[in-house]
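Engineer: need coordinates for the following:
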Amino acid sequence: MPGGRLTQQERQQIALGLADGLAYAEIARRLDRPTSTVTREVMRNGGPTAYRADLAQHAAERRARRRGQAAPRGPEAPPQPHGRDAEAVRAYEESLTTVFMASGMPRMTARVLACLTLTDTGRLTAAELARSLRVSPASVSKAIAFLDGQGLVRRERDERRREHYVVDDDVWYQSMMASARSLAHLVETARQGVGVLVPGTPAATRLENIARFLDFVSESTARAAEQARDILHAEPGAPERGAAEPAG
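Structural biologist: Numbering: from 1, shown residues only. Next up, the predicted model:
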């Protein structure tokens with residue numbers, strides 16, 4: 001079994017395998033590499049839908065240069081709990097950050113939210129976030145201000161008056177409800193425009209159809225979020241609310 005870093009040719013093989021819809025295990029078998037090697041490689045470079053061999057190669061070369069130029073650092077991060085693969089977790093955190101960024105979130109904000117989301121407790125102090133992400137406390141503070149304003153995190157103080165930033169299990173419910181409210185505001189504004197542009201005219205008709213569409217989506221989003229809220233608090237393997245009962 002070959003060892004060492006992946007080569008550019010191997011990265012091209014990975015990209016071709018992903019394009020063909022192959023599973024990580026099959027790609028790894030063809031490369032004679034561990035499946036975990038392929039999984040980490042893909043997840044740290046955008047995930048299966050965004051992986052590009054040339055960009056992954058450039059990123060690997062940059063990391064190698066940084067390692068060669070970096071001054072000696074302090075002790076490595078402690079081992080991951082529950083027997084997790086620390087490298088796989090780090091690669092997945094990068095992938096989740098990329099997804100958050102694709103939704104319009106600034107990079108540092110996305111990094112902070114991903115870090116909090118992947119913490120078992122769902123809560124960290126500014127110092128813990130700065131240490132984990134290797135950034136300044138000021139960068140963390142700006143990201144938290146954005147997330148707090150969006151209702152994606154909340155602040156708590158412990159008995160020592162230290163501030164903790166918390167990602168609730170309800171964060172995605174709150175996010176969906178905020179989205180529904182935003183759509184409802186668009187509906188109201190579009191319907192105001194119908195009167196201004198004179199009902200029945202092409203522009204007014206366009207606005208009316210937009211309003212009807214967004215009204216349906218807003219109501220459906222809010223209703224679905226309410227119905228699915230219990231899933232956020234369910235134990236693993238628990239049946240989903242509304243699921244069909246087994247026959248007989």
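Engineer: so where's the protein uncertain?
Structural biologist: Residue ranges of the chain with pLDDT under 70: 1-3, 66-79, 236-248.
Engineer: would you map out the domains in it?
Structural biologist: Using automatic domain parsing, the domains assigned to the chain come out as 8-61, 85-166, 171-233.
Engineer: pipe these into TSV and attach mean neighbour count per row.
Structural biologist: All C-beta atoms are positioned from the backbone trio N, CA, C, and that covers glycine. Shown next, in TSV, are these (neighbours: other CB atoms under 10 Å):
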stretch	mean neighbour count
domain 8-61	17
domain 85-166	16
domain 171-233	15
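Engineer: what comes into contact with stretch 38-47?
Structural biologist: Stretch 38-47 is contacted by residues 6, 11, 14, 18, 24, 27-28, 31, 48, 51-52, 55-56, 59, 85, 87-88, 90-92, 94-95, 98-99 when judged by CB atoms under 8 Å, 6 or more residues apart in numbering.
Engineer: first-to-last residue distance for it?
Structural biologist: Between the opening and closing residues of stretch 38-47 there is a gap of 11 Å (CA to CA, to the nearest Å).
Engineer: check stretch 28-45 too.
Structural biologist: Start and end residues of stretch 28-45 are separated by 16 Å (CA to CA).
Engineer: ok, for residue 221, nearest residue in space, not its chain neighbours?
Structural biologist: residue 180 (4.4 Å; CB to CB, 6 or more residues apart in numbering).
Engineer: can you classify that neighbour by secondary structure?
Structural biologist: Put simply, residue 180 is helix when judged by DSSP: H, G, I helix; E, B strand; the rest coil.
Engineer: over to residue 168. Which of the three states is it?
Structural biologist: From three-state DSSP, the assignment for residue 168 is coil.
Engineer: distance of it from residue 155?
Structural biologist: Using CB to CB, to the nearest Å, one gets 12 Å for the distance from residue 168 to residue 155.
Engineer: and for residue 45?
Structural biologist: Going from residue 45 to residue 155 by CB to CB gives 34 Å.
Engineer: from the chain's centroid, how far away is the helix or strand where residue 187 lies?
Structural biologist: Per DSSP states H and E: residue 187 is located in helix 171-197. Mean-position distance between helix 171-197 and its chain equals 24 Å (CA atoms, centre = their mean, to the nearest Å).
Engineer: which strands or helices does it pack on?
Structural biologist: Packing partners of helix 171-197 (3 or more CB pairs under 8 Å, 6 or more residues apart in numbering; DSSP states H and E): helix 202-228.
Engineer: the helix it packs on vs helix 171-197, what angle?
Structural biologist: Here the directions of helix 202-228 and helix 171-197 differ by 160 degrees (axes from the mean of the first three to the mean of the last three CA atoms, to 10 degrees).
Engineer: and helix 202-228, how far from the chain's centre?
Structural biologist: Remark: helix 202-228 is offset 26 Å from the chain centroid, using CA atoms, centre = their mean.
Engineer: what's it packed up against?
Structural biologist: Helices and strands touching helix 202-228, by 3+ CB pairs under 8 Å, 6+ apart, are helix 171-197.
Engineer: helices of this protein, residue ranges please.
Structural biologist: Assigned by DSSP state H, the chain shows helices spanning 8-19, 24-31, 35-43, 53-69, 86-102, 107-117, 126-133, 137-149, 171-197, 202-228.
Engineer: give me the contact list for the first one.
Structural biologist: Residues from elsewhere that reach helix 8-19 (CB under 8 Å, 6+ apart): 6, 26-27, 30-31, 33, 38, 41-42, 48, 51-53, 56-57.
Engineer: now do 6 Å
Structural biologist: When contacts are defined by CB atoms under 6 Å, 6 or more residues apart in numbering, helix 8-19 is touched by residues 27, 31, 48, 51, 53, 56-57.
Engineer: pull that helix out as PDB, backbone CA atoms only.
Structural biologist: Below are the C-alpha coordinates for helix 8-19, written out as PDB (Å, rounded to 0.1, in the frame of the first residue of the first chain):
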ATOM      1  CA  GLN A   8      -1.400  15.100  -8.400                       C
ATOM      2  CA  GLN A   9      -2.300  12.000 -10.500                       C
ATOM      3  CA  GLU A  10      -4.000  10.400  -7.500                       C
ATOM      4  CA  ARG A  11      -6.100  13.600  -7.000                       C
ATOM      5  CA  GLN A  12      -7.100  13.500 -10.600                       C
ATOM      6  CA  GLN A  13      -8.200   9.800 -10.100                       C
ATOM      7  CA  ILE A  14     -10.200  10.900  -7.100                       C
ATOM      8  CA  ALA A  15     -11.900  13.700  -9.200                       C
ATOM      9  CA  LEU A  16     -12.700  11.200 -12.000                       C
ATOM     10  CA  GLY A  17     -14.100   8.700  -9.400                       C
ATOM     11  CA  LEU A  18     -16.400  11.400  -7.900                       C
ATOM     12  CA  ALA A  19     -17.600  12.400 -11.300                       C
END
